[in-house]
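[1] Prediction below, plus the sequence it came from.
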Amino acid sequence: MSEPPSAIGAPGLPARGGAEVLPPPPPARGLTRARVTGIVLLGVWALVGIGTVLFLLASWNVELFTRYAPRYLSGLLVTVELVAISVLAGAVLSVPIALGRRSKSRIIGVLAYTYVYFFRGTPLLAQTFLVYYGLGSLRPELESVGLWWFFREAWYCAIFTFSLNTAAYQAEILRGAIESVGRGQWEAASALGLSRLQTVYKIIIPQAALVALRPYGNEIILMIKGSAIVAIITVYDLMGETRRAYSRTFDFQTYIWAALIYLGIVEMLRMTIDRIERRLTRHLRR
Amino acid sequence: MRITRHIALGLSAAALALTIGGATAQEKLRIGTEGAYPPFNNLTASGELEGFDIDIARALCEEMGAECEFVTQDWDGIIPALQAGKFDAIIASMSITPERDEQVDFTKPYYTNSLVFVAPKEAEFDPSNVEGKAVGVQSGTIAAEFVEENYPNAELRAYPSQIEAWADLSNGRVEAVLADFGVQYEWVNSEDGSCCEFKGETVSSDDVIGIAVREGETELVERFNAAIDAIRKNGTYAEINEKYFPFDIYGE
């Protein structure tokens, strides 16, 4: 540890209520208990990291890599495609649901609430099973209404379930964000004579987007990790390929590679969202 | 203070375990099995394990004078669970393959297996021409391996358990299911499987099934081998065989 940084923040900021301005407390010196704990924990994590890298280096196997790398890549593409389509479809679906949640009509409100309640209250795994195996056993009925071609394919079933699931979460994010914009903003807009559409696009959405951005990011990250369950309905996503590789090799590094790839995707997403946030908050920067 | 107390507690527990272990001559063996593979190992409606593997395991344990306890474990994780010491042996219709042999030690085979396709009776499914056809298998089995290696053009669908593969065969998501002869035999003769029948000849018929134990536990392997020989000789094996299959499953 080098020298502790000097006092952070400019002194003499005007304090609320005119009370006396206190200088920030002097930075702690020496090895306090918290610092020791912090250093020890950092050491533990560093050891885990080094251990993982050493393990991967020691068990490096060219044959394994050339055999399974293309499969991991195809699995990764399946995962990305599945999440991208589901999140986009969910975003479209979430708009009417969010509007329904805010609707003045009681029936629509209850319907939208039930939808959100069901999809947020049950595990994605259970929903996937219900759609895939549950509807699978209703083949004659589905055939008679001409929908079997859709539910026959595991891929469509996965997209269907994931879209419905993420739509429920996204609807709540959207509703929360819209409601976070004060009523006064609507009133002010109408006082200025702006149309409702103009109000939504020029005033409400720019403010709501700021609130919604982080939760949206979290939702996409959760979908990426949650999508790992599609392997059980025969879709070979990244996790499915990993399990296949593991069942053939019994080599634990197959799972470590999968974890690193998931970590990589999530990190890229995190950086993208940081970027978007910086852009959206540019008016707040001093 | 607390740490010393924990150590003391641990020591006394260990001492207790030793005394009990010494007092009861019967050794405890934990047997890992899947419990979703009728008629070899499956759970009844009341949650009891039953099947050929289970009966064989009980007979072997009796022969070895050991008290056996069954542990059910998903197929995908069954070898890691053995290695992690969750149980001492796998008796779950596991084929002896070179890849598995690197991870665990196998006893001598306790039955012989082959693979066979099952498809709906009215379907014209030909095992020699599966190009582009959807074939269901259980993931991590030799059937999955077999399709990957011998039918690269087939559309492979891997399910977590055999039961799900059959479910998708009945509702038409896959055109055929490839699996062990014994399980397929049981299924086509059951009510659920009445839709379907064997298609073509059996394939991969040099497959043998053994009991897996952790690497290096040679003594346990020897004892299992001796017990297998014993139940073969004293007629117990034949009895169990007859209970489940009208054909000789041992295969010599």
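    Arrived safely, thanks for sending. Residues are numbered from 1 along each chain as shown, chains lettered A, B, ... in the order given.
[2] How about B:Ser170: what's its closest non-neighbour residue?
    Spatial nearest neighbour of B:Ser170, excluding adjacent residues (C-beta to C-beta, 6 or more residues apart in numbering or on different chains): B:Cys195 at 5.9 Å. C-beta: built from backbone N, CA, C; applies to glycine.
[3] Can you verify my assumption that the one you found contacts B:Asn171?
    No - in this structure B:Cys195 lies outside contact range of B:Asn171 using C-beta atoms under 8 Å: 9.9 Å.
[4] Could you identify the longest strand within chain B?
    Scanning chain B for the strand with the most residues, using DSSP state E, yields strand B:196-214.
[5] number of nearby residues for residue 26?
    This is for chain A. As a burial measure, A:Pro26 scores 9 neighbours (other C-beta atoms under 10 Å in any protein chain shown).
[6] um, chain B though
    For B:Gln26, the tally of surrounding residues (other C-beta under 10 Å) stands at 10.
[7] Ok, B:Ala230 next?
    Applying other C-beta under 10 Å, we find 16 residues neighbouring B:Ala230.
[8] Likewise for A:Thr52?
    14.
[9] Read off the pLDDT value for it.
    Per-residue pLDDT puts A:Thr52 at 89.
[10] what's near enough to touch it?
    Shown in contact with A:Thr52 (C-beta atoms under 8 Å, 6 or more residues apart in numbering or on different chains): A:Ile256.
[11] Read off the pLDDT value for the residue in chain A that chain B sits nearest to.
    The minimum distance from chain A to chain B, using C-beta to the nearest C-beta, falls at A:Ser247 (3.4 Å). pLDDT for A:Ser247: 85.
[12] Now do the SS call for it.
    Recorded secondary structure, A:Ser247: helix (DSSP: H, G, I helix; E, B strand; the rest coil).
[13] Now it. Nearest residue, chain neighbours left out?
    A:Ser247 sits nearest to B:Gly140 (C-beta to C-beta, 6+ apart), 3.4 Å away.
[14] Report the secondary structure state of the one you found.
    Applying three-state DSSP: B:Gly140 is coil.
[15] B:Gly85 too?
    Classification of B:Gly85 by three-state DSSP places it in coil.
[16] Could I get the full set of helices for chain A?
    Counting by DSSP state H, chain A has helices at residues A:33-58, A:62-101, A:106-121, A:124-129, A:135-136, A:139-144, A:148-152, A:154-180, A:183-191, A:196-198, A:205-226, A:238-249, A:253-280.
[17] Low-confidence stretches in the stretch 151-252 of chain B?
    Of all residues in the stretch 151-252 of chain B, those with pLDDT under 70 make up the ranges B:252.
[18] Go again with 80.
    For the stretch 151-252 of chain B, the stretches flagged by pLDDT under 80 are B:205, B:252.
[19] what does the stretch 1-150 of chain A give?
    A:1-20, A:26-30.
[20] Near chain B, which residues of it are found?
    Proximity of the stretch 1-150 of chain A to chain B (C-beta under 8 Å from any C-beta of the partner chain) is limited to residues A:Tyr133, A:Gly136, A:Ser137, A:Arg139.
[21] Quick one: those residues as JSON lines, columns for neighbour count too.
    Shown next, in JSON lines, are these (neighbours: other C-beta atoms under 10 Å in any protein chain shown):
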{"residue": "A:Tyr133", "neighbour count": "16"}
{"residue": "A:Gly136", "neighbour count": "23"}
{"residue": "A:Ser137", "neighbour count": "12"}
{"residue": "A:Arg139", "neighbour count": "16"}
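[22] picking that back up, winner for burial among the helices of chain A?
    helix A:238-249 (a mean of 23; mean count of other C-beta atoms under 10 Å in any protein chain shown).
[23] Touching that one from outside, list them.
    Residues from elsewhere that reach helix A:238-249 (C-beta under 8 Å, 6+ apart): A:64, A:68, A:71-72, A:74-76, A:78-79, A:227-231, A:234, A:236, A:251-252, A:254-255, A:257-258, A:261-262, B:76, B:99, B:139-140, B:144-145, B:158.
[24] tilt between it and helix A:253-280?
    If you take axes from the mean of the first three to the mean of the last three C-alpha atoms, to 10 degrees, helix A:238-249 sits at 160 degrees to helix A:253-280.
[25] can I get the CA coordinates of helix A:238-249 in CSV?
    Taking Å, rounded to 0.1, in the frame of the first residue of the first chain, the C-alpha atoms of helix A:238-249 are listed here in CSV:
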residue,chain,number,x,y,z
LEU,A,238,-23.1,-23.0,-24.1
MET,A,239,-24.1,-24.9,-21.0
GLY,A,240,-25.4,-27.8,-23.0
GLU,A,241,-22.1,-28.1,-25.0
THR,A,242,-20.2,-27.9,-21.7
ARG,A,243,-22.2,-30.7,-20.2
ARG,A,244,-21.7,-32.8,-23.3
ALA,A,245,-18.0,-32.2,-23.2
TYR,A,246,-17.9,-33.0,-19.5
SER,A,247,-19.8,-36.2,-19.9
ARG,A,248,-17.3,-37.4,-22.5
THR,A,249,-14.1,-36.2,-20.8
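[26] quick one, that helix and helix A:205-226 angle?
    With the same axes, to 10 degrees as the basis, helix A:238-249 and helix A:205-226 are set at 20 degrees to each other.
[27] Please enumerate the strands of the stretch 101-250 of chain B.
    Taking DSSP state E, counting those that start in this stretch as the criterion, the stretch 101-250 of chain B contains strands spanning B:104-106, B:111-120, B:134-138, B:155-159, B:176-180, B:196-214.
[28] buried stuff in the last one?
    Same thing as strand B:196-214. By neighbour count on 16 or more other C-beta atoms under 10 Å in any protein chain shown, the buried set for strand B:196-214 is B:196-197, B:199, B:202-204, B:207, B:209-214.
[29] what sits against the residue lying closest to A:Glu241 once chain neighbours are set aside?
    Spatially, and ignoring its direct neighbours in sequence, A:Glu241 is nearest to A:Gly75 (3.4 Å; C-beta to C-beta, 6+ apart). By C-beta under 8 Å, 6+ apart, the contact list for A:Gly75 reads A:Tyr236, A:Asp237, A:Leu238, A:Met239, A:Gly240, A:Glu241, A:Thr242.
[30] at 6 Å what do you get?
    Listed by C-beta atoms under 6 Å, 6 or more residues apart in numbering or on different chains, the contact set of A:Gly75 reads A:Tyr236, A:Asp237, A:Leu238, A:Glu241.
[31] wouldn't the second one be in contact with A:Leu77 here?
    I take that to be A:Asp237. No - taking contacts as C-beta atoms under 6 Å, A:Asp237 lies outside contact range of A:Leu77: 9.0 Å.
[32] Return the residues of chain B in contact with chain A.
    By C-beta under 6 Å from any C-beta of the partner chain, the residues of chain B that approach chain A are B:Ile79, B:Gln103, B:Gly140, B:Arg157, B:Pro160, B:Asn171, B:Arg173.
[33] Near the residue in the stretch 101-250 of chain B that chain A sits nearest to, how many other residues are there?
    At 3.4 Å from chain A, B:Gly140 is the closest residue in the stretch 101-250 of chain B, using C-beta to the nearest C-beta. Counted with other C-beta under 10 Å, residues neighbouring B:Gly140 total 22.
[34] Hmm, B:Ile78 and it touching each other?
    No - the criterion here is C-beta under 6 Å, and B:Gly140 misses it with B:Ile78 at 8.6 Å.
[35] do you know how far B:Cys195 is from A:Glu20?
    Shown here: B:Cys195 relative to A:Glu20, a distance of 86 Å by C-beta to C-beta, to the nearest Å.
[36] Neighbour count: the two, which is higher?
    A count of neighbours by other C-beta under 10 Å puts B:Cys195 above the other of B:Cys195 and A:Glu20, at 18 against 5.
[37] from the residues of the stretch 1-150 of chain A next to chain B, which is closest to A:Phe160?
    Each of those was checked against A:Phe160 using C-beta to C-beta; the closest is A:Gly136, at 12.7 Å.
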